[in-house]
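Colleague: Sharing a model prediction with you, sequence too.
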Amino acid sequence: MARYRGPKSKIARKFREPIFGPDKVLEKKNYPPGQHGPMKRRGKQSEYAIQLAEKQKAKYTYGILERQFSNLFKTASRKKGITGEILLQMCESRLDNIVFRLGIAPSRRGARQLVSHRHITINGKIVNIPSYQVKEGDVIGVREKSKSLESITASLAANPSKFDWLEWNDAQMYGRLIAAPQREQIPENIKEQLIVELYSK
């Protein structure tokens, strides 16, 4: 399965945001990577460069590759409503992201691994596709044999679910997607309108 395997801190420094979670390198070097470091003179970015950077940020944040992201945008643009918001809702509705939001995994990478290794169920059936689109009312649970996994119990203890659009049953270890999140309920610092403008060219 293809995914980004390069240096995470370098990407976080490029966007000056902890895209992959807390990052000590970013705290120490809060400037873009490069040979000349913070002293490099950086020219004014073009409109296209700003839009492209925003798309790249969204891709790295959700762990989606180019073709997959492009297909998501095409699907979002065919639906009624604000395309940018629908695009983010679809990213948030991915199974790996829901597992992360519920607190079952401490990061999206960890969530992707749990899904791929068949630890996660939807409506009682094992689903091992990280990009699976969870629908309203779907029940996302931890497989019975996996409920005692230390990585899952430690993550749930440290990161309890705190999103209005998700509900979590701690005793039974399952959650439910109540409704697709509204834009103000999505904490990611992504300017989705720039992405729409980029793809509309």
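Modeller: That came in fine, so what should we check first?

Colleague: Next, count neighbours for the closest residue in space to Ile195 that isn't next to it in sequence.
Modeller: Leaving aside its sequence neighbours, Ile195 sits nearest to Lys55 (C-beta to C-beta, 6 or more residues apart in numbering; 4.9 Å). From N, CA and C alone the C-beta is placed, and that goes for glycine too. If you count neighbours by other C-beta atoms under 10 Å, Lys55 ends up with 21.

Colleague: And Ala179, by the same measure?
Modeller: Using other C-beta under 10 Å, Ala179 has 12 other residues around it.

Colleague: ok, which stretches of the protein are helices?
Modeller: Under the criterion DSSP state H, the chain contains helices at 8-15, 24-28, 47-62, 66-78, 83-92, 95-101, 108-116, 150-158, 192-199.

Colleague: if we can go back for a sec, next up, the contacts around the residue nearest to Ile195.
Modeller: Lys55 makes contact with Phe69, Leu194, Ile195, Leu198, Tyr199 under the criterion C-beta atoms under 8 Å, 6 or more residues apart in numbering.

Colleague: cool, and Pro160?
Modeller: Contacts for Pro160 (C-beta under 8 Å, 6+ apart) come out as Gly103, Trp168, Asp170.

Colleague: Leaving out chain neighbours, which residue sits closest to the last one?
Modeller: Closest residue to Asp170 apart from its sequence neighbours, by C-beta to C-beta, 6+ apart: Leu156 at 7.2 Å.

Colleague: shouldn't the one you found be in contact with Pro106?
Modeller: No. Using C-beta atoms under 8 Å, Leu156 and Pro106 do not qualify as a contacting pair, with a distance of 9.8 Å.

Colleague: Any figure for the gap between the nearest residue to Leu198 once chain neighbours are set aside and Leu177?
Modeller: Leaving aside its sequence neighbours, Leu198 sits nearest to Gln51 (C-beta to C-beta, 6+ apart; 3.9 Å). Per C-beta to C-beta, to the nearest Å, Gln51 is found 30 Å from Leu177.

Colleague: closest one to Glu144 among the helices of the chain?
Modeller: Comparing the helices of the chain by their distance to Glu144 (C-beta to C-beta), the top pick is helix 150-158, with 12.2 Å.
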